[in-house]
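Participant: Sequence and predicted structure are below.
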Amino acid sequence: MIAAAMLMTAAGDTNITLPNVTITANTVHHMQMRTSQTNMLITADFLQSNLGSSLMQTIEGLPGVSATSIGGGQSRPVIRGLGLNRLVVSENGVKHEAQQWGDDHGLEIDQFAIDHIEVLKGPSALLYGSDAIGGVINICSDMVPKQPFEGAVTLMGRSVNDQLGVAARIGGRHGLFFYRANATWIDYADSRVPTDSIEYYSYNIALHNRRLRNTAGQERDASLMVGLAGEQWQSSLRLSDSYAKSGFFANAHGLEVRLSDIDYDRSARDIDLPYQMANHLKLQSHTTGRIGLWGLELQLTMQHNHREEHSEPAAHGYMPLPAASLERAFDKRTYNATFAARHPLGERNVATVGISAEWQHNRRGGWGFIMPDYDTRTLGIYAYDRYLATDDFILNAGIRYDDATTDIHEYNDWYATPTPEGESYLQRAAECHHHFGSLTYSAGANYTIGAWTLKGNIGKSFRLPSAKELGANGVNYHIFRYERGNTALHPEQSYQLDAAAYWSNSLWQIQIEPYLNYFSNYIYLNPTASYVDGLQLYQYTEARVMRCGIDALASCRFTTHWEGEIKGEYLFARQLSGDKRGYSLPFSTPWTADATLRYIYFWHGEGHIHINAHLVGRQDDIVPPERATDGYWTLNLSWNHSFAVAHNTLTLALHANNLLNKYYYDHTSYYRLNNIPESGRNISASIKYSF
Amino acid sequence: MRHIIAYAILLTLAAVACTTEDKDTTAPVIATAGFDTNPIDCQTYHAGDTIHFCYLFEDNRELGAYNIEIHNNFDHHTHGTSATDCEDGHHDEENEGHEHHDDEETPAGAWVFVQDYAIPSGTTSYLAKQDIAIPLDITAGDYHFSIRLTDRAGWQEIKAIAIKIKTNQALEE
């Protein structure tokens, strides 16, 4: 991870553009020697030729990376079984604030504005601070255009939810000045599933035209970036906005079957209650430069997240019928400043120091109380050193300290509850002040010998307990359970040992990446035996947890035309203490394996045909309230071709996912508890014209 | 490198060995209690009656707690947890023509009952009995009687029963 920092602090364009369609990063020795962490680079070509329904579905084919489906074609990233706030999604090196509130909303990033993505697996706290336990997905969208004027237009469609989309980008460079702009529009209807009804408990929910009621949605993204780039320095300002609105499955969201008089079946494209909308506005300033031997980097970022969840008002317990549909609103403003400086120490040593400060302001709204208002201030300082013992043997070590304060504000019910002392507006959250300090570290080595590249990394990472984990106290109407926080929680501490071995020759490429991970206090929402307000009580609690696993890949380019690849991941977790001792972690990822055969041809440009079998194992290592999930396999087919048209490029891509229209469940999916299967056959097509 | 991997495997094996695999993966069961079972689907009561609730709860390890909730089914929603619609010919005498309420508001006078109950710890089989008095002044009609049961491990079982509550004859006269 330390070397990944080098990438960030280096001025200008350090991105390697790789020619192959696949995750060619691993073939590049240079890439593997850059960091002692297991890392992967995903190029724009790979993204274009693998466009899934969401960014995450696009990159989930990478070993160790998966996506948790949250309905409506949206999904959340998971690295080796750790998702949500146990990994960091960053854009241009700064943490992208979006996914910390709920389990059921997407990334809020325009996937057509992405230049490339770097995935770091394992503890990355040194640079990213809190949350970077499972790893980091660093999205780059600020590359400097090379031409005076360039651009691309993409049209795409998808059969599973009748999705239509159009994306356009332009950019240019004139001397020192450069600019780029993106706009994306996507609209989709209710998702299709390969079944006429869903059996939930003993009740059959009949589906209209095999669609999940009210899962339609829309997305609008726009961004504008301007900057100046010299030989030794570069400075840019980027403004982006991402808006998404999508419906929740009308019949069952969470554990309870929903009741409604809304005629959901009148249109598959409209969005009725319940639905969510999320808007993410971001202003990012990024400056890098060299002064003498110093390499300097300054990042200033403002982010404003606004999210609303609307549902039909319903009385519950002593809560009277709310007047409006706004069940929850979350408004979050984040201001972040980071500064890093790098300087050589002697011939073979490079030291870097950095400081990062963040202020977060969170306000809630709506009639459903889940978590209180809160403010968080974080200050982190770090230092690390990279020592090139020889060109083939690199050592690194770093240390970081974070100081954080979370102020939770009081919240009282907006309605009165009768008590023995008379009517009372019950207090759900008390005024509370938390102060956390966390020391993290990391050390690793890279070693190349012959065709082998070996890496080892050991690191500690942490995560501040969220306001929800500390201060929740109310009915989660989405899941129909009572959730209670725990003010005694500590910052989550994770220790991880990573190893990686890569071997390649002109024909073969093999990678093996085992890891061992220990949490001294993994925080999770534990279902208890008790009832509160008529609903089962779920309480946040801590447990010692041991996890281990392995990601592996082997590929072979038999001839210039044929390439084969096999990859897989396996993960095992055990809770070593607490109420659920002996159980795995909630929603554990089952083993997966992929076999892909690829045909590459050259005819008016270059084309690829892939056929892929995706296998997923049975998951019966479960925790209440999960149910065991059978294994499955899907067959996927894709074709893409880039034609040269004058000096421009026309790229056509066609994908067929789940070609055999298999009916299966994804154990990690948000809707698994409702027995809702995954999408059936999905044909998607895109056409991109680049100029 | 080989040593690190070997060490990792060893540590993992140790971790696994230290963790006994005796976790509970079975949800509790809400079972009928013979002739005493009460209420059952489509059972009819009158306002002012007492529901002599009686069900048998069983778990392979240890029962947790239970909850009874009664709410109206005037709109004939299907609750999703095995409550059936009672098409018994006397269907909806009191509520004819009110199958769909335009407003979501709880109809005036509809009965709402929510109560949590404890089960003695260490119990694997428990005959749950409660006497629940139906208030006299409630709106008659179809109701759902739902039972929620947990075990110590946090597994939950839900059962919903469709019942009818008729206007008290004494009051009608």
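Facilitator: Yep, it's here.

Participant: any idea which element the residue of the stretch 501-650 of chain A found nearest chain B lies in?
Facilitator: As assessed by C-beta to the nearest C-beta, chain B sits closest to A:Ala529 within the stretch 501-650 of chain A, at 2.6 Å. In short, each C-beta sits where N, CA and C put it, glycine included. Taking DSSP states H and E as the criterion, A:Ala529 maps to strand A:508-532.

Participant: In terms of secondary structure, what does that strand contact?
Facilitator: strand A:481-484, strand A:492-504, strand A:535-557, helix B:2-18, strand B:63-72, strand B:113-118, strand B:141-151 (3 or more C-beta pairs under 8 Å, 6 or more residues apart in numbering or on different chains; DSSP states H and E).

Participant: Okay, now the unreliable bits of the chain?
Facilitator: Defaulting to chain A. A:1-29, A:48-58, A:71-73, A:99-105, A:200-203, A:252-260, A:317, A:477-478 (pLDDT under 70).

Participant: my bad, the chain I had in mind was chain B
Facilitator: Applying pLDDT under 70 to chain B flags the ranges B:1-21, B:75-108, B:169-173.

Participant: closest point of it to chain A, which residue?
Facilitator: Closest contact between chain B and chain A, by C-beta to the nearest C-beta, is at B:Gly64 (2.6 Å).

Participant: For the residue nearest to that residue when sequence neighbours are not counted, grab the count of nearby residues.
Facilitator: Spatially, and ignoring its direct neighbours in sequence, B:Gly64 is nearest to A:Ala529 (2.6 Å; C-beta to C-beta, 6 or more residues apart in numbering or on different chains). By other C-beta atoms under 10 Å in any protein chain shown, the residues close to A:Ala529 number 25.

Participant: correct me, but A:Ala529 touches B:Thr123?
Facilitator: No. The pair A:Ala529 / B:Thr123 is not scored as a contact, 11.5 Å apart, by C-beta atoms under 8 Å.

Participant: Which positions in the strand holding A:Ala529 come out as buried?
Facilitator: A:509-532 (16 or more other C-beta atoms under 10 Å in any protein chain shown).

Participant: same deal with stretch A:289-308?
Facilitator: A:289, A:295-297, A:299-301, A:303-308.

Participant: mind giving me a markdown table with those and columns for distance to chain B?
Facilitator: Formatted as a markdown table, the buried residues of stretch A:289-308 follow (distance: C-beta to the nearest C-beta, whole Å):
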| residue | distance to chain B |
| --- | --- |
| A:Gly289 | 38 |
| A:Gly295 | 31 |
| A:Leu296 | 36 |
| A:Glu297 | 33 |
| A:Gln299 | 35 |
| A:Leu300 | 40 |
| A:Thr301 | 37 |
| A:Gln303 | 36 |
| A:His304 | 33 |
| A:Asn305 | 30 |
| A:His306 | 26 |
| A:Arg307 | 24 |
| A:Glu308 | 19 |
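
Participant: Pick the one among these closest to A:Leu345.
Facilitator: Nearest to A:Leu345 out of the buried residues of stretch A:289-308 is A:Gly295 (C-beta to C-beta; 13.0 Å).

Participant: The closest one reaches A:Arg342, doesn't it?
Facilitator: Yes. A:Gly295 lies in contact with A:Arg342 (C-beta under 8 Å); the separation is 3.9 Å.

Participant: Need the helices and strands packed on strand A:508-532 in JSON lines (columns: distance to A:Ala216 and mean neighbour count).
Facilitator: As requested, the helices and strands packed on strand A:508-532 are exported to JSON lines (distance: least, C-beta to C-beta, whole Å; neighbours: other C-beta atoms under 10 Å in any protein chain shown):
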{"stretch": "strand A:481-484", "distance to A:Ala216": "27", "mean neighbour count": "20"}
{"stretch": "strand A:492-504", "distance to A:Ala216": "37", "mean neighbour count": "21"}
{"stretch": "strand A:535-557", "distance to A:Ala216": "30", "mean neighbour count": "21"}
{"stretch": "helix B:2-18", "distance to A:Ala216": "45", "mean neighbour count": "13"}
{"stretch": "strand B:63-72", "distance to A:Ala216": "30", "mean neighbour count": "22"}
{"stretch": "strand B:113-118", "distance to A:Ala216": "35", "mean neighbour count": "15"}
{"stretch": "strand B:141-151", "distance to A:Ala216": "30", "mean neighbour count": "24"}
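
Participant: Show me the one of these that comes nearest A:Asn640.
Facilitator: Among the helices and strands packed on strand A:508-532, strand A:535-557 sits nearest to A:Asn640 (C-beta to C-beta), with 17.9 Å.
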